Each structure stands twice: as structure tokens, then as C-alpha cells.
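Asks: Need coordinates for the below:
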Amino acid sequence: MLAIHRQYAFMDLYHRALKKEKEQLKIQYDSLVDLSSIELYHEFCIIMDFYSKDHPTYDNANYYRLIDKWLEKEYKPNMPLDDKNLKAHLTFRRAFDFYESEDLKQYIDSLRTLFRNKQQHNTLKSLECYERTMEYWE
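Replies: Numbers count the residues shown, from 1 in each chain. Reported below is the predicted structural model:
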């Protein structure tokens, strides 16, 4: 479950960074939408134990501070493009660096503590939800 949360955080940062690039470069949105992070968030039940009003054990502020920190990092390409009409960005590179970062590792470790505590007290709902979801897909 925590590995899936790591994937979700990676995709969330990627999508937000891409949106930020589009806004800064004044590029219109296209009609192609990648739902990867949204699917990870809901399909794998991450919301149930970490971001639900029913389980207020973790403050989303920590997550958003982490994402905002990585959104503020400068990721500008050094290579000039032959076509001056093209706009270049390193959004995927930022998201991948974030995925491998010590920041994300520490954040996931903080969730691991909550996860284990909920598991010990039999209040962990996300694994039950995940198992039901996997049974549905089989």
C-alpha cells in the first residue's frame, strides 16, 4: 500500500509540475488527460486511511508542503532547441528525481508509522478496500 502511495505522489507531482509549466509557458491544455495518479489514489484506497475525515490521523499539510517544495525547484533545460517555437521543460525529470528523493522516502516512512499503528489497532481500512478491489478485478 505504501509503495502505491509512493507511485501516487510521483504521478501527482508530475501532473502538477506539468500544469505549472503549461501555465508559465502559456500553453493551452490539450484534450488528452492522464488519469494515472487519480486512479492510484482512489482505486488503491489510499484516501481511506490517510486523507479521510473518518481517519484524521495525518495532516495533508505535510504532503502539500512536500509537493510545493519540489514544485519550487528550478528545472530548466540547458539545451537550446533548434525550433524557437517549441517550449521545452523537464517535468518528468523533476518527478523522477522526486520519486527517488530522500524527501519522499522520509514522507513515506512517516506514513509507515501511522500505517502500522492503525494495523495494530485494527483500524486500517485501506488494505480491506484494496483486497476487495483486487477481487473485483479478478
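Asks: where does this structure have its least confident helix or strand?
Replies: Scoring the helices and strands of the chain by mean pLDDT, DSSP states H and E places helix 36-43 at the bottom, with a mean of 65.
Asks: Check which helix or strand the residue nearest to Ile46 when sequence neighbours are not counted maps to.
Replies: Distances taken as Cβ to Cβ, 6 or more residues apart in numbering place His5 nearest to Ile46, at 5.3 Å, with adjacent residues excluded. Heads up, the C-betas are built off the backbone N, CA and C, glycines and all. Under the criterion DSSP states H and E, the helix or strand holding His5 is helix 2-24.
Asks: tell me which residues of that helix are tucked away?
Replies: Neighbour counts over helix 2-24 (16 or more other Cβ atoms under 10 Å) mark 4-18, 21-22 as buried.
Asks: for stretch 66-86, same thing?
Replies: Leu66, Ile67, Trp70, Leu71, Tyr75.
Asks: how near is Ile67 to Lys125?
Replies: Between Ile67 and Lys125 the computed distance is 24 Å (Cβ to Cβ, to the nearest Å).
Asks: What confidence value was assigned to Leu32?
Replies: Leu32 carries a pLDDT value of 52.
Asks: Same check on Ser126?
Replies: As predicted, Ser126 sits at a pLDDT of 77.
Asks: cool, and Tyr136?
Replies: As predicted, Tyr136 sits at a pLDDT of 68.
Asks: Residue numbering should commence at 432 henceforth.
Replies: Done: numbering now begins at 432, and the last item shifts to Tyr567.
Asks: How many residues are close by Thr564?
Replies: Thr564 has 14 neighbours, counted by other Cβ atoms under 10 Å.
Asks: And the strand or helix carrying it, what's buried?
Replies: Thr564 belongs to helix 557-568 when elements are defined using DSSP H and E. Of the residues in helix 557-568, Ser557, Leu558, Cys560, Tyr561 count as buried by neighbour count, 16+ other Cβ under 10 Å.
Asks: Now for those residues: which two are most distant?
Replies: Greatest spatial distance among those (Cβ to Cβ): Leu558 and Cys560, at 7.2 Å.
Asks: Can you pull the residues that touch both of these two?
Replies: Cys476 (Cβ atoms under 8 Å, 6 or more residues apart in numbering).
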